[in-house]
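Chemist: Next come a sequence and a model predicted from it.
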4 protein chains.
Amino acid sequence: MEGFKYRRRVDYSDTDLGGIVHFSRFFVYMETAEHEFLRARGTSVDRTVNGVRISWPRVSATCDFKSPARFGDVLDVRVRVVRRGVKSMTYGFEFWRGDTLLAEGQTTAVCCIMHPNRRPEPVEIPDWFARAIENDT
Amino acid sequence: MEGFKYRRRVDYSDTDLGGIVHFSRFFVYMETAEHEFLRARGTSVDRTVNGVRISWPRVSATCDFKSPARFGDVLDVRVRVVRRGVKSMTYGFEFWRGDTLLAEGQTTAVCCIMHPNRRPEPVEIPDWFARAIENDT
Amino acid sequence: MEGFKYRRRVDYSDTDLGGIVHFSRFFVYMETAEHEFLRARGTSVDRTVNGVRISWPRVSATCDFKSPARFGDVLDVRVRVVRRGVKSMTYGFEFWRGDTLLAEGQTTAVCCIMHPNRRPEPVEIPDWFARAIENDT
Amino acid sequence: MEGFKYRRRVDYSDTDLGGIVHFSRFFVYMETAEHEFLRARGTSVDRTVNGVRISWPRVSATCDFKSPARFGDVLDVRVRVVRRGVKSMTYGFEFWRGDTLLAEGQTTAVCCIMHPNRRPEPVEIPDWFARAIENDT
């Protein structure tokens, strides 16, 4: 898997009494990897353009766990665009510790206008976002 | 969906700057719902029998998000056994707020002997566990 | 210590590789106990009255840990008002597992108007809040 | 404040519906800063020497919050040894975003032998740990 790489060391608080990283934390790592991917392309997951705040609520997330990660491990999270839809983005993630693949996951998020005190409103991906990721799709 | 119901109120710390529950927290709710399901059947997700510690590392987790949950919401998480394998269990979850289905998820965990300082060792589901859930499968 | 009691069972994800509840989770328990305390008095930590959104950013938090809590433990968190200031509230907390005192903590929060995209603005505690807690001070 | 500096970017999941970093996350940042401080000195917060596992359960933690941190902020956490006791260590922390001091905290941890299935046993700080930090005390 090619693509962007986000490196992160496992915090003590990411572990559980099984001695390994709690599975829910992989979803946090995925999200941060996605955000760093976007940052590296000059954009952001939560951005206000011309007074319109665009953010990306998730509609699905999945992860397969192959080998545990432990306190102090340095994880390389590889990120790629699996699919660019009209209103949604699907990202794929691989978790590596050196040469060992620890986990693989995917998330799909929907491009939404964020209104105060109302539900997010799905909209087509704006040009400024599409341009930022055009070399990844 | 029939089955066991686990009720939980959303903590403030479960939310994010989007004003809704962070998606990773649904996985924590699923796990706790599974544990309460097992507790209600007189067993536990981490139990030592005859000196052998059995626990259940996850091999996959997935969730589809349909509608956001918010601070203070009371969530009913419905739990059922989707599949009982030889060495694994797959649980299904539905998240309800009143009559509104907010999310659906699934997790698969593998029955393992937990050795100190070694990787978990997958083993067949022991009788004491199988008996506890026999009316759910 | 008299006062309101909030009961909570320790989640698996609240533990760390030391086999005990991670110390940062006690602060989450304190916060939720405070919110349940306010809920029981008919108010909320984040409430909009006449178009003004009032919330309570924390200015300090402290906890002393005496004995560890573990997965599945049922904790009773006792809450009381230590001090009601002009613009702030200080709450005290005790964590009990049965007859064992596990931890004691305190948090101070400042009454603020929450403006979108600006820093919280400290203000005097409004009457509707003061009345809700008048029997606790 | 002199001393070791740990840099970290705020995750989206570290924020809450107030739009700022949840106060409990500062305690996680402090802990990771402490661990990175120890790593930089060639030791670890959880280490087994001659079959004896030494770790450091916390006995107190405190934090004063002066200014909020937000999603994407780069925080510099400064770490120093406030006090080296016979069996305990007290660390001090400052959180900076550029020239702005956001928070200050302190944690005290007790040197313990970690026995399986028993409470941690407080012991004198071993020589290998004391030597690692001798230039900081």
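Modeler: Done, it's in.

Chemist: Just to check, residue A:106 is in contact with residue A:83?
Modeler: No: Residue A:106 is not in contact with residue A:83 according to Cβ atoms under 8 Å; the separation is 9.5 Å. In this view, the C-beta of every residue, glycine as well, is placed from N, C-alpha and C.

Chemist: list the residues that contact both of the two?
Modeler: Residues touching both residue A:106 and residue A:83 by Cβ atoms under 8 Å, 6 or more residues apart in numbering or on different chains: residue A:90.

Chemist: And the two? Which one has more around it.
Modeler: residue A:106 (17 against 12; other Cβ atoms under 10 Å in any protein chain shown).

Chemist: The closest residue to residue A:105 other than its chain neighbours: helix or strand, and which one exactly?
Modeler: Distances taken as Cβ to Cβ, 6 or more residues apart in numbering or on different chains put residue A:63 closest to residue A:105, at 3.7 Å, once the chain neighbours are dropped. Under the criterion of DSSP states H and E, residue A:63 resides in strand A:58-65.

Chemist: Also residue A:25?
Modeler: If you go by DSSP H and E, residue A:25 is part of helix A:23-40.

Chemist: Direction included, what does the helix or strand following that helix pair against?
Modeler: Following helix A:23-40 in sequence order, the next helix or strand is strand A:47-49 (DSSP H and E). In the sheet, strand A:47-49 lines up against strand A:52-55 (antiparallel) (DSSP bridges).

Chemist: out of everything not next to it in sequence, what's closest to residue A:94?
Modeler: That would be residue A:78: by Cβ to Cβ, 6+ apart, it lies 4.4 Å from residue A:94.

Chemist: so that neighbour touches residue A:96, yeah?
Modeler: Yes: contact criterion Cβ under 8 Å: residue A:78 and residue A:96 qualify, at 6.8 Å.

Chemist: what about residue A:7, neighbour count?
Modeler: Neighbours of residue A:7 under the rule other Cβ under 10 Å: 11.

Chemist: about what we covered before: report the contact partners of the residue nearest to residue A:105.
Modeler: Listed by Cβ under 8 Å, 6+ apart, the contact partners of residue A:63 are A:23, A:26-27, A:30, A:93, A:103-106, B:60-62.

Chemist: returning to what we had before: buried stuff in the helix holding residue A:25?
Modeler: A:23-38 (16 or more other Cβ atoms under 10 Å in any protein chain shown).

Chemist: Spell out which residues of chain A are next to chain B.
Modeler: Neighbours of chain B within chain A, by Cβ under 8 Å from any Cβ of the partner chain: A:17-18, A:20, A:23-25, A:27-28, A:31, A:46, A:55, A:57-68, A:114, A:119-120.

Chemist: what about the helix holding residue A:25, average pLDDT?
Modeler: The average pLDDT within helix A:23-40 is 98.

Chemist: Can I get it as PDB, trimmed to CA atoms?
Modeler: Taking C-alpha atoms only, helix A:23-40 is exported to PDB below (Å, rounded to 0.1, in the frame of the first residue of the first chain):
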ATOM      1  CA  PHE A  23      -9.300  -1.800  20.000                       C
ATOM      2  CA  SER A  24     -11.300   1.500  20.100                       C
ATOM      3  CA  ARG A  25      -8.000   3.400  20.000                       C
ATOM      4  CA  PHE A  26      -7.200   2.200  16.500                       C
ATOM      5  CA  PHE A  27     -10.200   4.200  15.300                       C
ATOM      6  CA  VAL A  28      -8.700   7.300  16.900                       C
ATOM      7  CA  TYR A  29      -5.400   6.600  15.200                       C
ATOM      8  CA  MET A  30      -7.200   6.200  11.900                       C
ATOM      9  CA  GLU A  31      -9.000   9.500  12.400                       C
ATOM     10  CA  THR A  32      -5.800  11.400  13.300                       C
ATOM     11  CA  ALA A  33      -4.000   9.800  10.300                       C
ATOM     12  CA  GLU A  34      -6.800  11.000   8.000                       C
ATOM     13  CA  HIS A  35      -6.500  14.500   9.500                       C
ATOM     14  CA  GLU A  36      -2.700  14.500   9.100                       C
ATOM     15  CA  PHE A  37      -3.200  13.300   5.500                       C
ATOM     16  CA  LEU A  38      -5.500  16.300   4.800                       C
ATOM     17  CA  ARG A  39      -3.200  18.700   6.600                       C
ATOM     18  CA  ALA A  40      -0.300  17.500   4.400                       C
END
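
Chemist: which other helices and strands contact that helix?
Modeler: Counting contacts by 3 or more Cβ pairs under 8 Å, 6 or more residues apart in numbering or on different chains; DSSP states H and E, helix A:23-40 packs against strand A:4-9, strand A:58-65, strand A:74-84, strand A:88-97, strand A:100-110, helix B:23-40.

Chemist: Paired strands for the second one, with orientation please.
Modeler: When pairing is defined by DSSP bridges, strand A:58-65 lines up against strand A:100-110 (antiparallel), strand B:58-65 (antiparallel).

Chemist: Need the winner for burial among those strands.
Modeler: Mean neighbour count (mean count of other Cβ atoms under 10 Å in any protein chain shown) peaks for strand B:58-65 among those, with a mean of 21.

Chemist: excluding its backbone neighbours, what's nearest the residue sitting furthest away from the middle of chain A?
Modeler: Ranked by distance from the centre of chain A (Cα atoms, centre = their mean), the top residue is residue A:17, with 26.1 Å. Excluding its sequence neighbours, the residue lying closest to residue A:17 (Cβ to Cβ, 6+ apart) is residue C:15, at 4.0 Å.

Chemist: burial count for the one you found?
Modeler: Neighbour count of residue C:15, defined by other Cβ under 10 Å: 24.

Chemist: Out of the buried residues of helix A:23-40, the closest to chain C would be?
Modeler: Chain C lies nearest to residue A:24 out of the buried residues of helix A:23-40, by Cβ to the nearest Cβ, at 6.0 Å.

Chemist: Enumerate every residue touching that closest one.
Modeler: B:24-25, B:27-28, B:31, C:13.

Chemist: Let me have the residues you listed in JSON lines, extended by distance to residue A:50.
Modeler: Shown next, in JSON lines, are the contacts of residue A:24 (distance: Cβ to Cβ, whole Å):
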{"residue": "B:24", "distance to residue A:50": "31"}
{"residue": "B:25", "distance to residue A:50": "32"}
{"residue": "B:27", "distance to residue A:50": "36"}
{"residue": "B:28", "distance to residue A:50": "37"}
{"residue": "B:31", "distance to residue A:50": "42"}
{"residue": "C:13", "distance to residue A:50": "40"}
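
Chemist: Tell me which residues are up against whatever helix or strand residue A:128 lives in.
Modeler: Using DSSP H and E, residue A:128 maps to helix A:127-132. Helix A:127-132 has contacts (Cβ under 8 Å, 6+ apart) with A:38, A:41-43, A:49, A:54, A:84, A:111.

Chemist: and those, which are buried?
Modeler: A:38, A:41, A:43, A:54, A:111.

Chemist: hang on, isn't the fourth one packed against residue A:47?
Modeler: It refers to residue A:54. Yes: in this structure, residue A:54 is within contact of residue A:47 by Cβ under 8 Å, at 5.7 Å.

Chemist: shaky segments in chain A?
Modeler: Applying pLDDT under 70 to chain A flags residues A:1-2.

Chemist: re earlier: so which of the helices and strands packed on helix A:23-40 is nearest residue C:8?
Modeler: The closest of the helices and strands packed on helix A:23-40 to residue C:8 is helix B:23-40. By Cβ to Cβ, the value is 11.0 Å.

Chemist: got the angle for that closest one vs strand A:100-110?
Modeler: 110 degrees (axes from the mean of the first three to the mean of the last three Cα atoms, to 10 degrees).

Chemist: How far off centre is helix B:23-40?
Modeler: Relative to the centre of its chain, helix B:23-40 is centred 4 Å away, using Cα atoms, centre = their mean, to the nearest Å.

Chemist: Going by neighbour count, which residues of stretch A:83-101 are buried?
Modeler: For stretch A:83-101, by 16+ other Cβ under 10 Å, it's A:88-97.

Chemist: Okay then, goodbye and thanks.
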